[in-house]
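Visitor: Structure of the sequence below:
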Amino acid sequence: MDTDLAPGLGLVTKSHWCYDIQAKTIKCLAPAEWGGDCQKSRQSPVDITASKTQLDPNLGQFSFSCYDKKLSRTVENNGHTVKVTLGNESRIAGGGLAGRYQATQFHLHWSKELDQGSEHSLNGERFAMEMHIVHEKEKGTSSSKEEGQDKIAVLAFLVKAGDQKNEAFQPLVNALSSISLPGMNTTVEISLKDLLPEEGKLRHYYRYFGSLTTPTCDETVVWTVFPEPIQLHREQILAFSEQLYYDNGKLKMTDNVRPLQDLGKRSVFRSGSPGQLVPLPLPTLLVCVLSCLMAGFPW
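Guide: As a prediction, this is how the structure comes out:
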């Protein structure tokens, strides 16, 4: 997971961090050499074995605010991934989280091999891509029993190759040619809701406490991994590996994936939430309306 938070994306003081594929051609810090918290024991990503997960009745339905708004977003090649910056309007609550979280950005991980591009794996199986929607905990909300380990909430969505073009993702795919090199950016019009599986399938998910998947690998993340995959056409997936370059501008950007980490003594929980997702309460919805209006967006 690439966050660009503070501490943020690639906060390395002595040398430049990179992925294994980059370390084969340039001098940089490969994942085994990452500093910060990266060598500690509560790291991400992990393999999730369904038969070993524990049912948690507190993992109920998620509530989403302003996820359905199609807004103009900045998309950039930051040298490690494609990052889409979100405004201050979208939030999540429920889902067993300790309070409300504001969405800040989303990004993806991928490979030119359609079974090697996800960071997390399910029952040993990896997917073509993985999308992370990153949220920061709002001030004044309650703390979980895992004190200090839930400052960031990430919704992780696995992506597999399907037969049909995913029209919701096509604006992002079209933008890739405009951000081929690191530091380049453009704008896209995207609705978060349109990118996700249908709402009824989001009631099933896995939960564990872990870390950022890029340096400095802070162990402050509550992870939600959805087993229902997003489907993109094969050509849409491969466009990421074919059109983008890493920060030296020479090596094509692919396999931007951190190796799996040891789960150790941690538990992975699964939801048992029946029924459909429910909207956020009225006060939070009003925040959504006001945020969109103040930003000049149509409701």
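
Visitor: from here on, contacts and neighbour counts on C-alpha atoms
Guide: Noted.

Visitor: any idea of the mean pLDDT in the helix or strand where residue 188 lies?
Guide: Assigned by DSSP states H and E, residue 188 falls within strand 185-190. The predicted model gives strand 185-190 an average pLDDT of 97.

Visitor: which outside residues touch the helix or strand following it?
Guide: The helix or strand immediately downstream of strand 185-190 is helix 192-195, counting by DSSP H and E. Here helix 192-195 makes contact (Cα atoms under 8 Å, 6 or more residues apart in numbering) with 67-70, 168-169, 230.

Visitor: In strands only, show me these.
Guide: Residues from the contacts of helix 192-195 lying in strands, with DSSP state E as the criterion: residue 230.

Visitor: Buried ones among the contacts of helix 192-195?
Guide: Neighbour counting with 16 or more other Cα atoms under 10 Å marks 67, 69-70, 168-169, 230 as buried within the contacts of helix 192-195.

Visitor: Can you tell me which of those is nearest residue 132?
Guide: Relative to residue 132, the closest of these is residue 230; by Cα to Cα it sits at 12.2 Å.

Visitor: Run through the residues that contact that closest one.
Guide: Contact analysis of residue 230 by Cα under 8 Å, 6+ apart lists 157-160, 195-197.

Visitor: Mind listing the residues bridging to it?
Guide: Taking DSSP bridges, one obtains residue 159 as the residues bridged to residue 230.

Visitor: Check the gap between it and residue 128 for me.
Guide: 10 Å (Cα to Cα, to the nearest Å).

Visitor: Could you do residue 100 as well?
Guide: Counting by Cα to Cα, the separation of residue 100 from residue 128 is 30 Å.

Visitor: cool, and residue 269?
Guide: Residue 269 is 24 Å from residue 128, by Cα to Cα.

Visitor: try residue 59
Guide: On the measure of Cα to Cα, residue 59 and residue 128 end up 27 Å apart.

Visitor: so where do the strands sit in this structure?
Guide: With DSSP E as the criterion, the chain has strands at 47-48, 54-55, 62-65, 71-77, 82-85, 91-94, 101-110, 121-122, 129-137, 152-162, 185-190, 206-210, 221-233, 269-270.
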